[in-house]
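In: Could you look at this predicted model? Sequence included:
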Amino acid sequence: MSLIPQILAEVCPAFNAAPVDWKETAKAHVLKADLPGLKKEEVKVEVEDGGRVLHISGERPGPQEEKREEERWHRLERPRGSFRRRFHLPENAKSDEVKAAIENGVLILTIPKKEIKKPQVKQIEIVDCK
């Protein structure tokens, strides 16, 4: 059995990270993270640093079967252990209104956008000096 995936996950948590897609629509930022087999109680979504940083973390349990003398694993490739993803949110994200749901093993985060007012430009008339 190869221990490489397990060792890499322990040394570099990003190896165990959930893949994430992030799109921006006219009204929101939408992130989708693949978390097959995880329940909502096993996933944590947090916003910190004044609402500028979004964290997704959790724990993937390992095999629960009893180890018996006559049994041995040939492969353990599915990710297990802790994972953590971190995203810097743009200025237009309403981080205090994040909505989260899990559907068919996919965590869906919807972050509404706030309107960023563009600075008003006032034209100044130039006059002749006499």
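Out: Happy to help now that I have it.
In: Find the centremost residue of this protein, please.
Out: Centrality entry for the chain: nearest residue to the mean C-alpha point is I56, 4.4 Å, by CA atoms, centre = their mean.
In: Go ahead and confirm that residue touches P19.
Out: No: in this structure, I56 is not within contact of P19 by CB atoms under 8 Å, at 11.3 Å. C-beta coordinates here come from the backbone N, C-alpha and C atoms, glycine included.
In: if we can go back for a sec, the residue nearest to the centre of the chain: what secondary structure?
Out: strand (DSSP: H, G, I helix; E, B strand; the rest coil).
In: In this protein, where is pLDDT below threshold?
Out: Along the chain, segments meeting pLDDT under 70 span 1-16, 63-68.
In: let's go with 80 and repeat that
Out: Within the chain, the ranges that satisfy pLDDT under 80 run 1-17, 61-71, 73, 76-80, 116, 130.
In: re earlier: identify the residues contacting the residue nearest to the centre of the chain.
Out: 18, 20, 31, 33, 43-45, 84-87, 107, 109 (CB atoms under 8 Å, 6 or more residues apart in numbering).
In: What's the ChimeraX syntax to select whichever of the residues you listed are buried?
Out: To isolate the buried members of the contacts of I56 in ChimeraX, using 16 or more other CB atoms under 10 Å:
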select :18,31,33,43,45,85,87,107,109
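In: so which of the contacts of I56 comes closest to R72?
Out: Set against R72, the nearest of these by CB to CB is A18 (28.9 Å).
In: Help me confirm that the closest one comes into contact with P36.
Out: No: counting by CB under 8 Å, A18 stays clear of P36, with 9.2 Å between them.
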